[in-house]
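Asker: Provided below are the primary sequence and the corresponding predicted coordinates.
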Amino acid sequence: MPMKTRLLLIAVIVASGLLSSFTASMNSYYVQILTFIGINIILGVSLNLINGHTGQFSLGHAGFMAVGGYSAAFLTTTYGPSFLAALGGSSWWSEALLFSGALVVGGIGAAIAGLVVGIPSLRLRGDYLAIITLGFGEIIRVLIQNTDAVGGPRGLTGIPGYTNLFWTFAIAAITIYSISSLVDSTYGRGFLTVRDDEIAASSMGINTTRYKVVAFVIGAFFAGVAGGLYAHSTRYLTPEGFTFQKTVEIVIIVILGGMGNNAGVTVAAILLTVLLEALRSVSDFTWLPQFVRDLTKNRMILFSLVLIALMLLRPQGLFGGFRKPKRT
Amino acid sequence: MSLSDFFQQIINGLSLGAFYALIALGYTMVYGVLRFINFAHGDVFMIGAYCGYYITDRVQAVFGGKLMWASALVVLLFAMAVCAILGVVIERLAYRPLRNRPKLAVLITAIGVSLFLEYGGQFFFGAIPRAFPELIPDLPVGGLGTLVITTNQVLVFGVTVALLVALNYIVKHTKMGLAMRAVSQNATAAQLMGVNIDTVISFTFALGSALAGAAGILFAVSYPSINPLMGILPGIKAFVAAVLGGIGHLPGAAVGGIILGIVETFVGASDYSTYRDAIAFAVLILILLFKPAGIFGKATVEKV
């Protein structure tokens, strides 16, 4: 990682810190949208490591997010108060310690889930991974619904609202930094070879399964951290927040941005989050025909059409193509 | 569990397995010729059920409310025809342009098509579950002691067996079936021998989708509440059945479906019934760990 990028990274984190000190004077709706943008960036870039750089197809990102979100929120709601009391009441640093600890625990929980799901399925072709991860996402939801300790179907309430713009964007910056430098490292070239030609890679002595599992676990870790941020931003979790629709949203971010293109995925995360919010108001435009307004309410139809159209017309994504030559 | 309970569960499992088998055959056939998983297959099954929903009353009116078996047959054939056309159209519009692209692109498109059918269905049919009309009065046709077999179970099993026999005939004894087998062995070589791959692939989609449509009707007859998302879970489970039997292997898909249906029914009847839907994934993970080629599949070496 060149010096310039490192400085940029620090600048982004400092800027997000400064920005968050103005949060109080900002419209809370916009703060919410900005937070979601940051979370979607983390989710998109982490899925990009699995889907884009390593060429595996995971459909379980919302499941990992749920694991991370629920573990982090469970920690802060159950053990948070006693932890803060032990540190002499809540102050900014004890809360920061608690929150960062909870985020890391959430990430590790998701990473373990990723390991459990990844090892059997990653030994085989990508198609199986897609189905297993899809099933995993549903299983996680069913498990959460049946777990009373986290509220079951009623959801987990009373989560402290620790997430602010500083945390969100600092972690987004760290995610982009870690994954970009991981892929750019000597070790990380292995991910790209697995994607480009698995047979050639394994005959060059690359342990392809290991690379796939590593990508999967790291991707799941960041998804878990994003889940933790999400939990402490909405302050309320239900299993319904982590349906297949959320996964599809993240997949679309990755495909829109261009698989394997971190900058593109970041832009796509911003674009999609803003567009989806804008779409909400479209359904209030009474001058539009009822049919169109109903259609915009059903985002999954739009998502599916975007997926098909992109694959047919621009498989490299909206911003792809200038970073890497088109693959045949 | 008493002996008669045991046999009752076997009968229930067989009829559940029959749906899985019918859907799994579509997955396996498409996988055989194109080497990819048609994610939208479970949703074609849902469309089949909706065809039945919209047409049953009309067909029964034409028959004047009599000849229930004949009208059921008409409904079944109609749904199969609609689904066959739908399958061909999906292949033509979404998959064919991507034939020589990376697999991931086709997979993503398939997911897109699947979502489109599900949520387009929600948009056009409405999201609320609908009550499927009664095709044939559901009466117990007989049994042994406490064992009960209903007309619907006879219908499901009879239709499934008939379709499997027909499929076997098509694949083994017709020219098109020969072409299908040739393409699934080696598409390039088949093409060089003068097989028109596009026709064969379209035919495969038509055949697989027709079976899914039939399964949709049979499923709706047995569980008469249909909704646009009903295809997801049976679709995934049927895929597991196809993998269990060895994907690409036709009798394997049927056997896998029956096994999965019976296993699931027994889990559903046990104390762990809440995990009924999760069992398919447990089965999938176990097969992938211990016998990834499936029961009948042979482990293949990837050629470079």
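Answerer: Received the coordinates, thanks.

Asker: mind showing which ranges of chain A have poor pLDDT?
Answerer: Low-confidence segments of chain A, defined by pLDDT under 70: A:1-4, A:124-126, A:320-328.

Asker: Which residue ranges of it form strands?
Answerer: With DSSP state E as the criterion, chain A has no strands.

Asker: Which residue of it lies farthest from its centroid?
Answerer: In chain A, the residue that sits farthest from the middle, by Cα atoms, centre = their mean, is A:Trp287; the gap is 36.2 Å.

Asker: now that residue: how far from chain B?
Answerer: 21 Å (Cβ to the nearest Cβ, to the nearest Å). For the C-beta atoms, the positions are set from N, CA and C on the backbone; glycine is no exception.

Asker: Against B:Asp5, how distant is the closest residue to A:Phe222 other than its chain neighbours?
Answerer: Closest residue to A:Phe222 apart from its sequence neighbours, by Cβ to Cβ, 6 or more residues apart in numbering or on different chains: A:Ser46 at 3.5 Å. Look at A:Ser46 and B:Asp5: by Cβ to Cβ, to the nearest Å, they are 49 Å apart.

Asker: B:Ile197 too?
Answerer: 51 Å.

Asker: If you count surrounding residues, which of those two has more?
Answerer: Using other Cβ atoms under 10 Å in any protein chain shown as the criterion, B:Ile197 and B:Asp5 rank with B:Ile197 on top: 17 against 12.

Asker: Look up how far B:Ser209 lies from B:Val89.
Answerer: 10 Å.

Asker: What ranges does chain A have for its helices?
Answerer: A:3-21, A:28-47, A:61-78, A:80-86, A:92-122, A:126-145, A:165-184, A:189-196, A:198-203, A:208-234, A:244-257, A:262-282, A:290-297, A:299-313 (DSSP state H).

Asker: Equivalent analysis for the stretch 101-250 of chain B, please.
Answerer: B:103-125, B:151-173, B:175-185, B:187-192, B:197-222, B:232-245, B:250-269 (DSSP state H, counting those that start in this stretch).

Asker: of all the ones you listed, which lies closest to chain A?
Answerer: With respect to chain A, and counting by Cβ to the nearest Cβ, the nearest of the helices of the stretch 101-250 of chain B is helix B:103-125 at 3.3 Å.

Asker: is that closest one anywhere near chain A?
Answerer: Yes - taking Cβ under 8 Å from any Cβ of the partner chain as the criterion, helix B:103-125 and chain A are in contact, through B:103-109, B:111-116, B:118-120, B:122-123.

Asker: now the angle between helix A:244-257 and that helix, please.
Answerer: Relative orientation of helix B:103-125 versus helix A:244-257 (axes from the mean of the first three to the mean of the last three Cα atoms, to 10 degrees): 130 degrees.

Asker: elements contacting helix B:103-125?
Answerer: helix A:126-145, helix A:244-257, helix A:299-313, helix B:41-62 (3 or more Cβ pairs under 8 Å, 6 or more residues apart in numbering or on different chains; DSSP states H and E).

Asker: same thing but 6 Å
Answerer: Here helix B:103-125 is seen to pack against helix A:299-313, helix B:41-62 when contacts are counted using 3 or more Cβ pairs under 6 Å, 6 or more residues apart in numbering or on different chains; DSSP states H and E.

Asker: Please work out which of those is packed deepest.
Answerer: Mean neighbour count (mean count of other Cβ atoms under 10 Å in any protein chain shown) peaks for helix B:41-62 among those, with a mean of 23.

Asker: Tell me the buried residues in the first helix or strand past that one going along the chain?
Answerer: Counting by DSSP states H and E, the next helix or strand C-terminal to helix B:41-62 is helix B:68-90. By neighbour count with 16 or more other Cβ atoms under 10 Å in any protein chain shown, helix B:68-90 contains the buried residues B:71-72, B:74-76, B:78-80, B:82-84, B:86-88, B:90.

Asker: model confidence over helix B:68-90, on average?
Answerer: Here helix B:68-90 scores 92 as its mean pLDDT.

Asker: Pretty sure B:Leu98 sits against B:Leu104.
Answerer: No - at 10.2 Å, B:Leu98 does not count as touching B:Leu104 under the criterion of Cβ atoms under 6 Å.

Asker: If we only consider the buried residues of helix B:68-90, which is nearest to chain A?
Answerer: B:Ile90 (10.3 Å).

Asker: who touches that closest one in this structure?
Answerer: Contact analysis of B:Ile90 by Cβ atoms under 6 Å, 6 or more residues apart in numbering or on different chains lists B:Val113.

Asker: Get me the contact residues on chain B for chain A.
Answerer: Contacts of chain B with chain A, taken as Cβ under 6 Å from any Cβ of the partner chain, map to B:37, B:94, B:97, B:104-105, B:107-109, B:112, B:115-116, B:119-120, B:123, B:239, B:278, B:281, B:285, B:288-289, B:292, B:304.
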